[in-house]
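Trainee: Next come a sequence and a model predicted from it.
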Amino acid sequence: MRRIGIFLVVVWSVLPIYWAFKTSIQTEGDARDGQYLPFHPTFDNYSALLSGDSDTATGIRSSLLNIIIECGAATIVTVVLAALAAYAFARMKFRGHTILFYGVLLTMAFPAYTTLIPLYRIMSDLYLVNTYTGVVLVYVSGFLPLATWVLHNYFSGLPSSIEEAGLIDGANRLQVFWHLVLPLARPGIISTALITFLFAWAQFLFPLVLTTDTSTQPLTVVIASLQGRHVVPTTLLSAAGMIAIAVPTVVALVFNRYIVNGLLAGSTK
């Protein structure tokens, strides 16, 4: 019974992806026939998206660049801030330490979408709507608590004797952090960066609200906007969807060990 359940879950998860891929390597006529197998596969749809000069192809390529910039910048900023905050919480004692730390973690209990309207008002007042900066700041504000939690557990697990030896040798706290702690916590930092990047790539509602034209809209938003407003072949849409999931899929498969370790580190203390 358990094997049957696992099989059904796998089929339920994989079948839509297979159907989208099958459609993406078919002509529009073959796709409309409802063939279960691509008897005459072609990669013309991918070629049209990646090298074509149509408005749809240009928009897809522009949105692909947008999502890479936004996710990459959000990942870098989040990891830098989380590393500094996590190290401070793990190694330094100051007034309000515990209250502040658990206050940061408490923000993860609130659904992210409850902050959508306030964040939009703030970004609008700061003239950051429809800008890379606005999207990145919103991403960072959402991902920073989780990243801080994961890295805090990594830093707490490191032996403090190494840092004490560095301080005795004359290094200041920042030098100890940069030259001793960060190299030892490299697996945790990589895990945090990968998790943050994947979460940022999967965002839809926040960039949908914060980006109003194609100059800053990420790939996930542009693909959704193509349906209904433009006459776009389903084969071309399927190819765009496969491009959208290709990057996170490759990242998850190649760096699976780091991602699992990061999630496990964030779940235990």
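Mentor: Arrived safely. Residues are numbered from 1 along each chain as shown.
Trainee: I'd like to check what contacts the helix or strand residue 118 falls within. Which residues are they?
Mentor: Using DSSP states H and E, residue 118 sits within helix 116-125. The list of residues contacting helix 116-125 from outside it, by Cβ atoms under 8 Å, 6 or more residues apart in numbering, reads 129, 134, 137-138, 141, 205-206, 209-210. For the C-beta atoms, the positions are set from N, CA and C on the backbone; glycine is no exception.
Trainee: May I see the buried residues of that helix?
Mentor: 116, 119-120, 122-123 (16 or more other Cβ atoms under 10 Å).
Trainee: between whatever helix or strand comes next after it and helix 116-125, how big is the angle?
Mentor: Following helix 116-125 in sequence order, the next helix or strand is helix 132-156 (DSSP H and E). Between the axes of helix 132-156 and helix 116-125, defined by axes from the mean of the first three to the mean of the last three Cα atoms, to 10 degrees, the angle is 120 degrees.
Trainee: Next, the angle from the next helix or strand after helix 132-156 to helix 132-156.
Mentor: Once the chain leaves helix 132-156, the next helix or strand it forms, by DSSP H and E, is helix 160-168. Going by the same axes, to 10 degrees, helix 160-168 is angled at 100 degrees with respect to helix 132-156.
Trainee: all numbers from here: first residue = 50
Mentor: In the new numbering, first residue 50, that becomes helix 209-217.
Trainee: Show me what helix 209-217 packs onto, helices and strands only.
Mentor: helix 222-225 (3 or more Cβ pairs under 8 Å, 6 or more residues apart in numbering; DSSP states H and E).
Trainee: The helix or strand that comes right after the helix it packs on: which residues count as buried?
Mentor: Once the chain leaves helix 222-225, the next helix or strand it forms, by DSSP H and E, is helix 231-233. When burial is assessed from 16+ other Cβ under 10 Å, helix 231-233 yields no buried residues.
Trainee: which residues are in contact with helix 231-233?
Mentor: Against helix 231-233 from outside (Cβ under 8 Å, 6+ apart): 132, 207, 211, 238.
Trainee: got the angle between the helix or strand just after that helix and helix 181-205?
Mentor: With elements assigned by DSSP H and E, the helix or strand that comes after helix 231-233 is helix 235-250. With the same axes, to 10 degrees as the basis, helix 235-250 and helix 181-205 are set at 150 degrees to each other.
Trainee: Run the chain-centre distance for whichever helix or strand comes after helix 235-250.
Mentor: Going down the chain from helix 235-250, the next helix or strand is helix 254-259, by DSSP H and E. Its chain's C-alpha centre and that of helix 254-259 lie 14 Å apart, by Cα atoms, centre = their mean, to the nearest Å.
Trainee: Pull the CA coordinates from helix 254-259 and hand them back as CSV.
Mentor: Output in CSV follows, covering the C-alpha atoms of helix 254-259 (Å, rounded to 0.1, in the frame of the first residue of the first chain):
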residue,chain,number,x,y,z
LEU,A,254,2.8,37.4,-5.9
PHE,A,255,5.3,39.9,-4.5
PRO,A,256,7.0,40.6,-7.8
LEU,A,257,3.6,40.6,-9.5
VAL,A,258,2.5,43.5,-7.3
LEU,A,259,5.9,45.4,-7.1
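Trainee: can you give me the angle the following helix or strand past it makes with helix 235-250?
Mentor: Counting by DSSP H and E, the next helix or strand C-terminal to helix 254-259 is helix 268-278. If you take the same axes, to 10 degrees, helix 268-278 sits at 20 degrees to helix 235-250.
Trainee: What are the contacting residues of helix 268-278?
Mentor: Contacts for helix 268-278 (Cβ under 8 Å, 6+ apart): 105, 108-109, 112-113, 115-116, 250-253, 256-257, 260, 263, 266, 281, 286, 289-290, 292-293.
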